[in-house]
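*Asks:* Generate a structure from the sequence data that follows.
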Amino acid sequence: MNRSGVDQQNPATFLLAACLWREKGACPPISLPFWSAPEPRHHRLILRFGLAWMAEFLDCVAAAAAIGLRELERLHQAEEKGRLFNATARSRLPDALDAVFRAPIVTARSLARSLAVTPQAAFGLLRQLMAAGIGREAIGQASWRAFALA
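*Replies:* Residues are numbered from 1 along each chain as shown. A predicted model of the protein is given here:
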C-alpha cells in the first residue's frame, strides 16, 4: 500500500484496503460469512498473513457454511414437523409456529402480544409445540419461562 506506517504483512492491511476500496464505491458490499465459524478459527487468522491467511480465511468460510447448513437442516425438520399438525381453521397453532421461527427466544407474554391472545392461551400453544418436539424450554426457571426451537 502507499500509506506511510502501514505494514503490508499485517492482516489488518487487508481490512484497511477493503475499507478504502469500498469507500471509493469500487465494489458492492461484501458479507463476512465466516463470523459464524468457531472462535478459535478466527484467532488463527490473526497469526497468519499472505497465502496462509487466505487459506485460514477460506477454512473459516467453510466451517461457517457447514454450521449454516446444519442450522438450515434443523429449521427444515422443524418446519416438516409443523406441517404435520392437525390444526383447525380457527387454530392459532400455525401462527404460533411462525412466531417461534421468527424469534430466537419466545415467552408466553411475547407470543400473546404478537398473536393477540391471552398469555394462558399462548402458553398452551407453546406446550403443544413442546409436545410435538418443535419447541423446547430455553431457560429452566419456573418464574420466567422462555422457549426456543428444539
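
*Asks:* In space, what's closest to Ala63 - neighbours in sequence excluded?
*Replies:* Leaving aside its chain neighbours, Ala63 sits nearest to Ala37 (4.1 Å; criterion: C-beta to C-beta, 6 or more residues apart in numbering). Glycine gets a C-beta too; all of them are placed from N, C-alpha and C.

*Asks:* Let me see the backbone angles for that neighbour.
*Replies:* With angles defined as degrees, to the nearest 10, Ala37 sits at phi -70, psi 160.

*Asks:* what's the burial count for it?
*Replies:* Using other C-beta atoms under 10 Å, Ala37 has 21 other residues around it.

*Asks:* oh, and call the first residue 49 from now on, that's how I've got it
*Replies:* Sounds good: first residue 49 from here, last item Ala85.

*Asks:* Remind me which helix or strand Pro88 belongs to.
*Replies:* helix 87-94 (DSSP states H and E).

*Asks:* for the record, mean pLDDT for that helix?
*Replies:* For helix 87-94, mean pLDDT rounds to 75.

*Asks:* Was I right to think Arg184 contacts Leu197?
*Replies:* Yes. With contacts counted by C-beta atoms under 8 Å, Arg184 reaches Leu197, the gap being 7.5 Å.

*Asks:* Compare neighbour counts for those two and give me the winner.
*Replies:* Between Arg184 and Leu197, counted using other C-beta under 10 Å, the more crowded position is Leu197 (20 against 11).

*Asks:* Identify the bridge partners of that one.
*Replies:* Under DSSP bridges, the beta-bridge partners of Leu197 are Gly183.

*Asks:* give the contact list for it.
*Replies:* Arg122, Leu123, Ala126, Val148, Phe149, Ile182, Gly183, Arg184 (C-beta atoms under 8 Å, 6 or more residues apart in numbering).

*Asks:* Take those and write them to JSON lines, including distance to Ala100 and pLDDT.
*Replies:* Formatted as JSON lines, the contacts of Leu197 follow (distance: C-beta to C-beta, whole Å; pLDDT from 0 to 100):
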{"residue": "Arg122", "distance to Ala100": "33", "pLDDT": "84"}
{"residue": "Leu123", "distance to Ala100": "35", "pLDDT": "83"}
{"residue": "Ala126", "distance to Ala100": "40", "pLDDT": "81"}
{"residue": "Val148", "distance to Ala100": "43", "pLDDT": "85"}
{"residue": "Phe149", "distance to Ala100": "40", "pLDDT": "83"}
{"residue": "Ile182", "distance to Ala100": "44", "pLDDT": "84"}
{"residue": "Gly183", "distance to Ala100": "44", "pLDDT": "81"}
{"residue": "Arg184", "distance to Ala100": "41", "pLDDT": "81"}
